[in-house]
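Student: Structure, please.
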Amino acid sequence: MRLAVCDEQWLFVSVLAAALTQHGHQTVLTTDEPSVLLDQAADIRPEVCVLDITTGSPSAVEVAEHLAELEPRPAVVLLTDSCQEGVWEAHERGFLQGVVNKSCAFPVLMATIDRVAAGERVSEGWQQAERRVHRGVVDALTSRELEVLRLVVQGHSTQLMADQLGVSRHTIRTHVQQVLRKLGVHGRGKVARAAAAAGLVDVATLSSTEGTQG
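Tutor: Numbering: from 1, shown residues only. Below you'll find the model as predicted:
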């Protein structure tokens, strides 16, 4: 597998890259500068990027968001001992496919790399309390409101949602208004971003439906 490794500690980058190479991976880039990774990623086409950026700019989350714009898009594993603000939101939204604590054994990282490359979303070495997922919004929505939310994100009209759920247009409009209120947004056009930020839809769903809202 083609890997890129970026960590602010050059010695750690070198040791990790050597270990990954010994276990059969092709490490196509090792750097301690996130700007180098972003400049070269489109050309070197890594399948998975392993990174840790805790200081300076761009942040790990910003790097992951930029990498998500590439085609083909690499999976991103954050290997860190300190999660910055926004990490768990990025994980829920699908920008960071893996978040691994540096205290984990090397085989855990190896397994995570394989799993994210296969399309999984992975978290290893973190207590549930450390994962600041937006559960308040999830818990506030009823099961029917969640159904309506996902149909709104998919760009369905009020009539189509009413037909699919077997209810009246008035009932759908009521549900949509409740969803908007609980997400704290005004207008359907902002629902997708708010839903992704709350971990209710992933970034792939968001990307495929953006531009259909009206």
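Student: Secondary structure element for Arg193, which one?
Tutor: Take DSSP states H and E as the rule and Arg193 turns out to sit in helix 191-197.
Student: Find the residue at the geometric middle of the chain.
Tutor: Closest to where the C-alpha atoms of the chain average out (CA atoms, centre = their mean) is Gly94, at 1.9 Å.
Student: tell me the phi and psi of it?
Tutor: The phi/psi pair for Gly94 (degrees, to the nearest 10) reads phi 90, psi 10.
Student: cool, and His186?
Tutor: Per degrees, to the nearest 10, the residue geometry at His186, taken as phi and psi, is phi -120, psi 110.
Student: Tell me, how many residues neighbour the closest residue to Gly24 other than its chain neighbours?
Tutor: For Gly24, the nearest residue in space outside its immediate sequence neighbours is Met1; the separation is 8.0 Å by CB to CB, 6 or more residues apart in numbering. All C-beta atoms are positioned from the backbone trio N, CA, C, and that covers glycine. One way to gauge burial is a neighbour count; for Met1, by other CB atoms under 10 Å, it gives 16.
Student: Just list the residues touching Met1, thanks.
Tutor: For Met1, the set of contacting residues under the criterion of CB atoms under 8 Å, 6 or more residues apart in numbering consists of 24-26, 47-48, 113-114, 117.
Student: tell me which element Val76 falls in.
Tutor: Secondary structure assignment for Val76, by DSSP H and E: strand 75-80.
Student: list the helices and strands that strand packs on?
Tutor: In this structure, strand 75-80 makes packing contacts with strand 48-52, helix 60-67, strand 98-101, helix 106-117, judged by 3 or more CB pairs under 8 Å, 6 or more residues apart in numbering; DSSP states H and E.
Student: To Ala192, which of those lies closest?
Tutor: Taking CB to CB, helix 60-67 is the member of the helices and strands packed on strand 75-80 nearest to Ala192, at 15.9 Å.
Student: For the closest one, give me every contacting residue.
Tutor: 6, 34, 37-38, 41, 49, 51-54, 58, 73-74, 76, 78, 80, 84, 86-87, 90, 95-96.
Student: Now that you've got those residues, can you turn the buried subset into something I can paste into PyMOL?
Tutor: Remark: buried members of the contacts of helix 60-67, expressed as a PyMOL selection using 16 or more other CB atoms under 10 Å:
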select buried, resi 6+34+37+38+41+49+51+52+53+74+76+78+80+86+87+90+95+96
